[in-house]
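*Asks:* no letters, just coordinates:
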């Protein structure tokens, strides 16, 4: 009953009590991750060993080449299948990322590869399903975070304070996709995490929810960059990350 109550309250909030429109959230996430460029729906960042796909730049690893960050694209494909969506050829044939390198993927994109174009069009046309997938992840996140945190009630309180604030559900949906729940030990630098759990733990209950959410998110992302291995050069992304947090106003 307790889990049902949590789900029902969040579902009520997202159903329109605060004017939340998931399609508009999808467009914001699309702009955040791709610069609202269709060609960036299939992308491989320099310095990373995996491509990122879709409006949320969901990670897709090559076979036997996992990294420290949570792989999310295969779960999106499962979500499509559950919804009965017809998949493009690449997703029908491959359960792992089929490209061996950024160079190989970029060359295929430049050549106008028909299968890549089909996949790109598919990802563009299913933006609303992708944001539903992220929203489902958010709905499942609170219990996971509480199970691991020493501040269980504080996390719950701050979660719902943000959710019930103007623009709050967008912030929660975007951040859980952007930087995860913060529950994986592998997603730490020098023992410090930067996910949604850490943001909620950082928040003061005495201050306005959305300004606190932005302050804590920015502080944790700055700490992440300071703690990151130097060979990752994460400072190149920090300005964009902080700008993204400002969209939570």
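*Replies:* All right, it came through fine. The structure displayed is predicted, hence computed values, not measured ones.
*Asks:* is residue 203 in contact with residue 211, as I believe?
*Replies:* No: with contact defined as CB atoms under 8 Å, residue 203 does not count as touching residue 211 (9.8 Å). Yep, even glycine has a C-beta here, placed from its N, CA and C like the rest.
*Asks:* distance of residue 197 relative to residue 187?
*Replies:* From residue 197 across to residue 187, the span is 10 Å (CB to CB, to the nearest Å).
*Asks:* in terms of neighbours, single out the busier of the two.
*Replies:* With neighbours defined as other CB atoms under 10 Å, residue 197 and residue 187 compare such that residue 197 has more, 24 against 18.
*Asks:* from the contact counts, what lies against the helix or strand where that one lies?
*Replies:* Assigned by DSSP states H and E, residue 197 belongs to helix 196-202. Applying 3 or more CB pairs under 8 Å, 6 or more residues apart in numbering; DSSP states H and E, we find helix 196-202 packed against helix 127-148, helix 152-163, helix 168-179, helix 209-227.
*Asks:* and the ones you listed, which is most packed in?
*Replies:* Highest mean neighbour count among those (mean count of other CB atoms under 10 Å): helix 168-179, with a mean of 24.
*Asks:* contact partners of that one?
*Replies:* Helix 168-179 is contacted by residues 13-14, 18, 20, 25, 28-29, 32, 56, 72, 131, 134-135, 137-138, 141, 159, 161-163, 194-196, 199, 209-210, 213, 217, 221, 244, 247-248 when judged by CB atoms under 8 Å, 6 or more residues apart in numbering.
*Asks:* and the residue nearest the centre of the chain?
*Replies:* residue 177 (1.4 Å; CA atoms, centre = their mean).
*Asks:* which SSE is immediately downstream of the helix or strand of the chain with the lowest mean pLDDT?
*Replies:* The least trusted helix or strand in the chain, going by mean pLDDT, DSSP states H and E, turns out to be helix 2-12, with a mean of 49. With elements assigned by DSSP H and E, the helix or strand that comes after helix 2-12 is helix 22-34.
*Asks:* tell me the mean pLDDT over that next one?
*Replies:* Per-residue pLDDT over helix 22-34 has a mean of 94.
*Asks:* confidence score at residue 67?
*Replies:* At residue 67, the model reports a pLDDT of 71.
*Asks:* indicate which one of the helices and strands packed on helix 196-202 is closest to residue 115.
*Replies:* For the helices and strands packed on helix 196-202, proximity to residue 115 was assessed by CB to CB; helix 127-148 is nearest, at 19.7 Å.
*Asks:* how far does that closest one sit from its chain's centre?
*Replies:* From the chain centre to the centre of helix 127-148 is a distance of 9 Å (CA atoms, centre = their mean, to the nearest Å).
*Asks:* ok, and what's touching it?
*Replies:* With contact meaning CB under 8 Å, 6+ apart, helix 127-148 is reached by 3, 6-7, 10-11, 14, 22-23, 25-27, 29-30, 54-56, 58, 75-76, 79-80, 83, 85, 123, 152, 155-156, 159, 172-173, 176-177, 181-183, 196-197, 200.
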